[in-house]
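Asks: following is a predicted model, sequence given first.
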Amino acid sequence: MGFPDRIERTIELAQPPAEVWAALTTADGLASWFGDEAEIDLRPGGAARMSWKGGPRVEMRVERAEEPQVFAYTWPIYGLSEEDPRRTYVEFTLEPSGAGTRVTVTESGFAQLPEDAHRKAFDGNTDGWRKELAELADYLAGA
Amino acid sequence: MPSWPTTSPEPDPEETAQQVFTALADPTRRAILAELASTGPATATDLAGRLPITRQAVAKHLALLAQAGLVTAEPGERRRVRYRLRSAPMRTAQQFLAALARDWDGPLTALKEHLDTTGKEPS
């Protein structure tokens, strides 16, 4: 398994989920730790963007917004051209942990290749996410 | 035979990445690929004229690159074979690099620091 399809990290934060949620899903929050500037239309299918001073600008698409547990978006794959339709899927999961929050971020899709399989999996409606990703996994496992 | 872009089934990404990185590990092959990328399709003779290597050496490297799917041979003028860069395997390898370059440790540390320093948001 040399080809990484998925990155996963977990971090324990001292703040309660509501506070973490605001940092992840509001323009002010995102601009405070992630980008230098951010905009977000927080609903499935909503557009979001972040930019860095003197650096890149990324267009994101909100995929899940289930306050205060799951926030997910798709964004371009780092290093590919701007016109490349492929995206990775980023999901933040928030779980209460004592007085704080355990945040798990997973970014998946680095290994996905065939564009039609990608489109099928990534443009599905948000309710179908689990099913679609399972289908993609099956597809990749069988490919 | 399908011409470029190929319609054959996607090769194993692991195998593709292996071939790309093997190809790129050699400075002469990097120079050949860079030349094709910047100036377009060329024959082995063209490339030998522009790079500090013999035509025989160029031909040997082109054969390896063609086998790896990184260049395709196409008919050129006066029945000479021209080689064209094929970018699909590069994109596969690039996705491998993208996974390595997507640094989540930095942003998550920044998130923690942001939350620790701002305290509760005034409501």
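Replies: Yep, that arrived.
Asks: assign B:Ala59 to helix, strand or coil.
Replies: helix (DSSP: H, G, I helix; E, B strand; the rest coil).
Asks: pLDDT at the residue nearest to B:Asp105 when sequence neighbours are not counted, what is it?
Replies: Nearest non-adjacent residue to B:Asp105, counting by CB to CB, 6 or more residues apart in numbering or on different chains: A:Arg9, 7.0 Å away. Any C-beta I mention is one placed from the backbone N, CA and C, and that applies to glycine too. Looking at A:Arg9, its pLDDT reads 92.
Asks: need the residues of chain B near chain A, please.
Replies: Within chain B, the positions near chain A by CB under 8 Å from any CB of the partner chain are B:10, B:13-14, B:17, B:91-92, B:94-102, B:104-105, B:107-108, B:110-116, B:118, B:120-121.
Asks: filter those down to the ones in helices?
Replies: Using DSSP state H, the subset of these located in helices is B:13-14, B:17, B:91-92, B:94-101, B:105, B:107-108, B:110-116, B:118.
Asks: list the buried residues in the lowest-mean-pLDDT helix or strand in chain B.
Replies: Ranked by mean pLDDT, DSSP states H and E, the weakest helix or strand in chain B is helix B:88-101, scoring a mean of 86. Buried residues in helix B:88-101, counting neighbours by 16 or more other CB atoms under 10 Å in any protein chain shown, are found at B:Pro89, B:Met90, B:Arg91, B:Thr92, B:Ala93, B:Gln94, B:Gln95, B:Phe96, B:Leu97, B:Ala98, B:Ala99.
Asks: show me the two of those residues that sit farthest apart.
Replies: Across the buried residues of helix B:88-101, the longest distance by CB to CB is 16.4 Å; it joins B:Pro89 and B:Ala99.
Asks: and the spatially most central residue of chain B, what does it touch?
Replies: In chain B, the C-alpha nearest the mean C-alpha coordinate belongs to B:Met90, at 2.9 Å (CA atoms, centre = their mean). Residues in contact with B:Met90 (CB atoms under 8 Å, 6 or more residues apart in numbering or on different chains) are B:Val20, B:Leu70.
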